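[1] Got a sequence here, can you model it:
(one chain, ligands or ions: 1)
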Amino acid sequence: MKKYSKIIAVAAAACLMVGALSGCGAKEEAEQAAEAVKEEVKDAKEEAEEKVEEAVDAGKAVIAGDTYVMGCSADFPPFESFDDDGATIVGYDVDMMNEICSRLGIELEIQDMNFDSVVTAVQTGKIDFGVSGMTITEERKENVAFSDPYFEAYQAIVVMPDSELKTYDDLVNGEYKAGVQLGTTGDIMATDVLGERVSQYEKYSDALAALLSGKVDCMVLDLNVAKAFAKANDLVLLDDPFGGEEDIEYYGIAMAKENTELLEAVNKALADMKAEGFFDELDAKYAEE
Ligand code: GLN
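    This next block holds a predicted model:
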């Protein structure tokens with residue numbers, strides 16, 4: 001028995017050796033290990049893909065190379081308006097967004113829409129950025145997030161050259177009618193003070209047509225845009241602002257509230273651009289126009 005068991009032991013050892021040399025057992029083990037690693041990699045990949053999908057769904061990721069859509073009402077020069085070709089949207093906001101997107105490594109597409117639709121379009125994910133000389137207000141902040149401010153404005157009054165309407169008090173105390181763009185801060189403020197005497201238009205071109213044809217006596221709108229309209233149409237900009245000093249407004253870029261990663265990236269780009277003098281150049285470029 002002893003002899004036999006010794007033989008068996010030797011045979012077993014030999015078998016193991018042969019197995020090892022031929023790679024039988026080790027191969028199997030290696031294959032199993034490789035399979036396990038493959039499985040792990042697959043799981044990790046799937047998990048990562050799921051995370052990206054979730055992030056995209058929540059609008060959280062800033063994905064390099066992707067196209068991001070900016071919505072604006074392209075009737076607000078010098079911030080956004082159609083170029084002479086009638087198709088390209090140009091202006092301060094466009095230059096700013098091109099710079100931000102290039103810093104973020106993303107592509108920019110611009111869509112024209114009524115100003116009144118911009119906040120909802122951001123909220124529902126139809127567009128990624130609402131950039132339309134849009135004032136940061138508490139009411140809008142209930143529906144969208146805003147970047148840090150990039151421009152300061154206040155409401156101004158524009159009249160025909162022969163108008164008797166010369167001051168803010170004339171407007172408040174008289175019977176004068178005002179044209180505004182629907183949903184703007186000009187609309188909200190003017191309606192608050194003038195009530196029924198305000199006519200709301202979806203586009204500034206319609207408000208302007210109403211002023212030129214005498215349907216309204218003035219337009220209430222943001223200062224820089226009022227200047228541009230006055231210059232282009234031989235209108236007069238009143239010295240008085242609409243409202244008081246406390247009514248100063250700041251423009252911001254509207255983004256979906258869940259989109260915290262995009263908001264942070266945009267704010268970082270804005271801060272860098274401010275520090276590097278980008279906005280000084282932009283202000284100078286559009287002040288000349
Ligand atoms: N700044 C104003 C607002 O946010 C007007 C903007 C606009 O008419 N495009 O309401």
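
[2] Neighbours of Ala275, how many?
    Ala275 is flanked by 9 other residues according to other Cβ atoms under 10 Å. In this view, the C-beta of every residue, glycine as well, is placed from N, C-alpha and C.

[3] What separation is there between it and the ligand?
    Using Cβ to the nearest ligand atom, to the nearest Å, we find Ala275 at a distance of 25 Å from the ligand.

[4] pLDDT score for that residue?
    At Ala275, the pLDDT value in this model is 98.

[5] List the beta-bridge partners for the residue nearest to Cys218 when sequence neighbours are not counted.
    Excluding its sequence neighbours, the residue lying closest to Cys218 (Cβ to Cβ, 6 or more residues apart in numbering) is Val159, at 4.7 Å. Beta-bridge partners recorded for Val159 (DSSP bridges): Cys218, Val236.

[6] Val216 is in contact with Val159, correct?
    No: judged on Cβ atoms under 8 Å, Val159 makes no contact with Val216 at a distance of 9.8 Å.

[7] on that earlier part again, what number of residues lie near the residue nearest to Cys218?
    The local packing of Val159 (other Cβ under 10 Å) involves 23 other residues.

[8] Give me the pLDDT for it.
    In the predicted model, Val159 carries a pLDDT score of 98.

[9] now the one 3 residues further on
    pLDDT for Asp162: 97.

[10] Now do the contacts for the nearest residue to Asp83 once chain neighbours are set aside.
    Nearest non-adjacent residue to Asp83, counting by Cβ to Cβ, 6+ apart: Val90, 4.8 Å away. Taking Cβ atoms under 8 Å, 6 or more residues apart in numbering as the definition of contact, the neighbours of Val90 are Glu80, Ser81, Phe82, Asp83.

[11] who's in contact with the second one?
    Under the criterion of Cβ under 8 Å, 6+ apart, the contact partners of Ser81 comprise Ala74, Asp75, Ile89, Val90, Gly91.

[12] Repeat the analysis, applying 10 Å as the threshold.
    Contact analysis of Ser81 by Cβ atoms under 10 Å, 6 or more residues apart in numbering lists 72-75, 88-91, 94, 112, 204, 225, 228.

[13] Remind me which helix or strand Gln200 belongs to.
    The secondary structure element spanning Gln200 is strand 198-201 (assigned by DSSP states H and E).

[14] just Met70 next, same as before
    Remark: Met70 resides in strand 67-72, with elements defined by DSSP H and E.

[15] Show me what that strand is packed up against.
    Helices and strands in packing contact with strand 67-72 are listed as strand 80-82, helix 92-104, strand 107-112, helix 115-123, strand 129-130, strand 254-255; criterion 3 or more Cβ pairs under 10 Å, 6 or more residues apart in numbering; DSSP states H and E.
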